[in-house]
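Participant: What follows is a predicted protein model with its sequence.
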Amino acid sequence: MSEARVRGLVLGAALGDAAGVVQGRWPAEGPLRIGVSTQLAAFTIEGAIRASVRLNHKGICHAPSVVWHAYCRWAFLQGIEPERISERWTRGSGGRWPSGWLARVPALRERRGSAPATVAALTGLTRGTPTKPVTGSRGAHALTRSLTLGLLYLLSGPSTCGAAIRETAALTHGAPDAQDAAFSAAGVVSHCLAENAPFRTWTASRPGDDHPIDALVRSLPMPHSASPDTVLDLLKAPDAVPDHGQLAWIAPDATACSALLGALLTVSRFPGRDTVDAALRFAAGAPDGHSVASTAGALLGAAHGVDALPVELLSRLELAWVLDTLARDLLQQYVDSPGGGEYVPARDPNWWDRYPGG
């Protein structure tokens, strides 16, 4: 796992989201706008960093609660119940709110699509849990905003961070299959960050082989009540050509499970580092192209690194610098802790101001 792969993970997801915005038809010039899932992903990353900072300095932290606070900052910037949300987080405390550098990025104040389940939970000012859901949503945002948590899955293992990943999805999406898909996607991302040629080794495996992604697919609800073997046969078909009819069949809607299965089909048809552009354009043709292309972009970026993403597109991507900074800072925080801790001085004296963990 390298910094280039972590950067590829974050920027690949955003580039896929941008492909979904234009339905895979890149404009000849001008900026490439991201969607709401990328905005939420940025705050998920910031929340994960701040949770780690808090743990280092306070010795205790419930990471999903810190991510919930991050989503509240996004809602405030978006003008969603700003007075009520601000009052909730400033009551009895001084200082500037929203805090942290991310809240000062102007583009995060602009509407970039709808996120109904997330907005419903935030409007109610009540975070959901796996046992006390606040919505019944199965929507893809539970997965797409949390793809970068695959890095934590890799560094800490599923037994350590699995519950936190599911709880982060459950903050706003109460359906168990959405939470399971978010956790499974983190596992696939972890595999992509750690392995060489992860897609080729999976698609080349034979029926009956105990490959981790086979078990993952079998754990998800299948489209159209198909059997897992039918879906696996489609995903692993030798020498198969990209087929939008197959993509629409395997990813028929805007659920988290469709986002993951559609992305797996995409990377099985476009596994190479030289076909990322074609992969994103193909994925964007799904019924919910935003979520499928964003997930596929994350997997391809994690597998091949940021240098595999087309420069002519990445250079036009909205928030590219912001997202690249978040990717680097996420990795730094979890492997090097620049902000120090309760008994360790900070190497970067500005880290706490950037990512306050209080």
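Facilitator: Sure thing, it's come through.
Participant: shaky segments in the chain?
Facilitator: The chain contains residues with pLDDT under 70 at 1, 92-95, 204-210, 358.
Participant: 90 - rerun?
Facilitator: 1, 58-60, 81-83, 86-97, 156-160, 195-217, 233, 236-241, 339-346, 357-358 (pLDDT under 90).
Participant: In it, which residue is most central in space?
Facilitator: Centroid-nearest residue in the chain: Leu147, 2.6 Å away (criterion: CA atoms, centre = their mean).
Participant: and for stretch 14-24, what are the contacting residues?
Facilitator: Here stretch 14-24 makes contact (CB atoms under 8 Å, 6 or more residues apart in numbering) with 26, 32-35, 37-38, 41, 144, 280-285, 288-298, 301, 309, 313-314, 317-320, 323. Every C-beta, even on glycine, is put in place using the N, C-alpha and C of the backbone.
Participant: if we go to 7 Å?
Facilitator: With contacts defined as CB atoms under 7 Å, 6 or more residues apart in numbering, stretch 14-24 is touched by 32-35, 37-38, 280-281, 283-285, 289-290, 293-298, 309, 313-314, 317, 319, 323.
Participant: likewise stretch 103-115?
Facilitator: Residues outside stretch 103-115 that contact it (CB under 7 Å, 6+ apart) are 33-36, 39-40, 42, 73-74, 77-78, 102, 141, 318-319, 322.
Participant: How far off centre is it?
Facilitator: 17 Å (CA atoms, centre = their mean, to the nearest Å).
Participant: Also stretch 11-23?
Facilitator: How far stretch 11-23 lies from its chain's middle: 12 Å, per CA atoms, centre = their mean.
Participant: Just the buried residues of that stretch, please?
Facilitator: Leu11, Gly12, Ala13, Ala14, Leu15, Gly16, Asp17, Ala18, Ala19, Gly20, Val21 (16 or more other CB atoms under 10 Å).
Participant: measure stretch 107-120 end to end?
Facilitator: Stretch 107-120 has an end-to-end distance of 22 Å (CA to CA, to the nearest Å).
Participant: before we move on, back to that, which ones among the contacts of stretch 103-115 map onto helices?
Facilitator: Judged by DSSP state H, helices contain the following of the contacts of stretch 103-115: Val36, Gln39, Leu40, Ala42, Arg73, Trp74, Leu77, Gln78, His141, Val322.
Participant: Now do the buried residues in stretch 126-141.
Facilitator: Neighbour-count burial for stretch 126-141 [16+ other CB under 10 Å]: Arg127, Gly128, Pro133, Val134, Thr135, Ser137, Arg138, Gly139, Ala140, His141.
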